[in-house]
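Asker: Structure for this input, please:
(one chain, ligands or ions: 1)
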Amino acid sequence: MARLILKPGREKSLLRRHPWIFSGAVHRIAGDPGLGETIEVRASTGAFMAWAAYSPASQITARVWDFVESTQIDRGFFRTRLQRAIEMRSAVLSPGPAHAMRLVHGESDGLPGIVVDRYASTVVIQLSSAGGYHWRDTLVGLLVEITKAQTVFERSDSEVLQLEGLALGVGLRHGTPLAGAIKFEENGLQLLADVEYGHKTGFYLDQRDNRSLLRTLVAGRAVLDCFCYTGGFTLSALAAGAASVLAIDSSADSLAAARTHLELNRLSGAELLEGNVFQVLRRLRDQARSFDVVVLDPPKFAPTAALAERAARGYKDINLYAFKLLKPGGLLLTFSCSGGLSRELFQKIVADAAIDAGVDAQILRWLGAASDHPVALGFPEGEYLKGLLCRVAGRARRR
Ligand code: SAH
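Answerer: Numbers count the residues shown, from 1 in each chain. Below you'll find the predicted structure:
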């Protein structure tokens, strides 16, 4: 078994059960491990630290499978980890067979670089690490065994694959081929996930709880849904009796999918607008339009911490205009899914936006991903989605 020996003092993060070993912490590799193979990690003192997957091309040289020396990293190990993750979901969410949910959330479920989502009887696996690739066939076999999925589809196409030196892995891995989007249910709505070509694995499952929250806030209200994608928030708002929804996205395909969703659920009252949110918000402001509730759920502006500053300007801009468009007493649900941007910084950006918009606002709630997207306490990076529910208490001054 090949070994990774750490530089002196570099075992601290592992002792706190953080699963990443950065290249800068590595003293040397003993042996000749292949891409994704299991290696033994030892401190400079020789003490055993962890079993990990080797990823020579990545800045993250190894990702930990387990911290216990007696553990064997084999099919049985992955069966136990997958079962543990899937049992947690049944205990916490008690999903029905027609529902969708994240079954495995990477590092936070002890399975670095491995994401698994279920849409009714279709399971989608998304791998983003050399270790995940190494165990692909084992993982697919176990998922079939445990979930009895009719179809297992692989969507390993994230932008980080390149950094790991891995090729795209997209295609059918088990069972019945996909025939179009997968139908599933959420909160009484009929939804479609385009597992093959949609964003992520087809749908933003992480926003489920926030869609539910929106339902409690919109009856009789005028809602603006920015970055609406296939209409997740829009459908929830209409189902809960919103008076109107203006939904904006720059992608004509996403808006077409949103339209299909509206028809499927026989919902009306939405206007779907193709455009760039940054420009449309300004135009709405010039037209003196106003709304009771605004949702801002933009794409990742800051995939890495290095891009946080540029991203901060983007977040500030859309939040500023959202505040300007809200009526007194109006509500803003604002999100960032940038892993590189901390919750503290995001809150500061929203506070700055309120000041520049000339409003006094309050935070009513801190928002995050649904509980099928847990965050391991040892892995704070797992908290990528953060949000705020804010209320405009009044106009501080005219702007
Ligand atoms: N709120 C959605 C998910 C949003 S994903 C849901 O709950 O399902 C981000 C969306 O923003 C994508 O659909 C993308 O097409 C869109 N987008 C990205 N940049 C944009 C821009 N500048 N203006 C409008 N839409 C944009």
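
Asker: Please report how far the residue in the stretch 1-150 of the chain that the ligand sits nearest to lies from E271.
Answerer: Using C-beta to the nearest ligand atom, A100 is the residue of the stretch 1-150 of the chain that sits closest to the ligand, at 12.3 Å. For every residue, glycine as well, the C-beta is placed using N, CA and C. Going from A100 to E271 by C-beta to C-beta, to the nearest Å gives 27 Å.

Asker: more crowded one of the two?
Answerer: Shown here are A100 and E271; by other C-beta atoms under 10 Å, A100 has more neighbours (24 against 10).

Asker: name the helices or strands packed onto whichever strand or helix holds the more buried one?
Answerer: Taking DSSP states H and E as the criterion, A100 maps to strand 100-105. Judged by 3 or more C-beta pairs under 8 Å, 6 or more residues apart in numbering; DSSP states H and E, the packing partners of strand 100-105 are helix 75-93, strand 114-119, strand 182-186.

Asker: Using CSV, lay out the ones you listed together with distance to the ligand and mean neighbour count.
Answerer: Converted to CSV, the helices and strands packed on strand 100-105 look like this (distance: least, C-beta to the nearest ligand atom, whole Å; neighbours: other C-beta atoms under 10 Å):
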stretch, distance to the ligand, mean neighbour count
helix 75-93, 18, 16
strand 114-119, 14, 26
strand 182-186, 11, 20
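
Asker: With mean pLDDT added, can I get these in JSON lines?
Answerer: Formatted as JSON lines, the helices and strands packed on strand 100-105 follow (pLDDT from 0 to 100):
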{"stretch": "helix 75-93", "mean pLDDT": "95"}
{"stretch": "strand 114-119", "mean pLDDT": "98"}
{"stretch": "strand 182-186", "mean pLDDT": "97"}
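
Asker: Which parts of the stretch 151-300 of the chain are helices?
Answerer: Remark: helices assigned in the stretch 151-300 of the chain by DSSP state H, counting those that start in this stretch are 161-164, 208-215, 232-239, 252-264, 277-286.

Asker: worst average pLDDT in the ones you listed?
Answerer: Of all those, the minimum mean pLDDT falls on helix 161-164 (a mean of 90).

Asker: Can you check the pLDDT for A357?
Answerer: So A357 comes in at 97 (pLDDT).

Asker: wait, what's in contact with it?
Answerer: 319-321, 323-324, 399 (C-beta atoms under 8 Å, 6 or more residues apart in numbering).

Asker: ok, and the most crowded of those?
Answerer: Taking other C-beta under 10 Å as the neighbour criterion, N319 ranks highest of the contacts of A357 with 29 neighbours.

Asker: Contacts only, for the closest residue to that one other than its chain neighbours.
Answerer: Leaving aside its sequence neighbours, N319 sits nearest to A353 (C-beta to C-beta, 6 or more residues apart in numbering; 3.6 Å). A353 is in contact with 315-317, 319-320, 322-323, counting by C-beta under 8 Å, 6+ apart.

Asker: What is the nearest of the residues you listed to the ligand?
Answerer: Taking C-beta to the nearest ligand atom as the measure, the ligand sits nearest to D317 out of these, at 10.5 Å.
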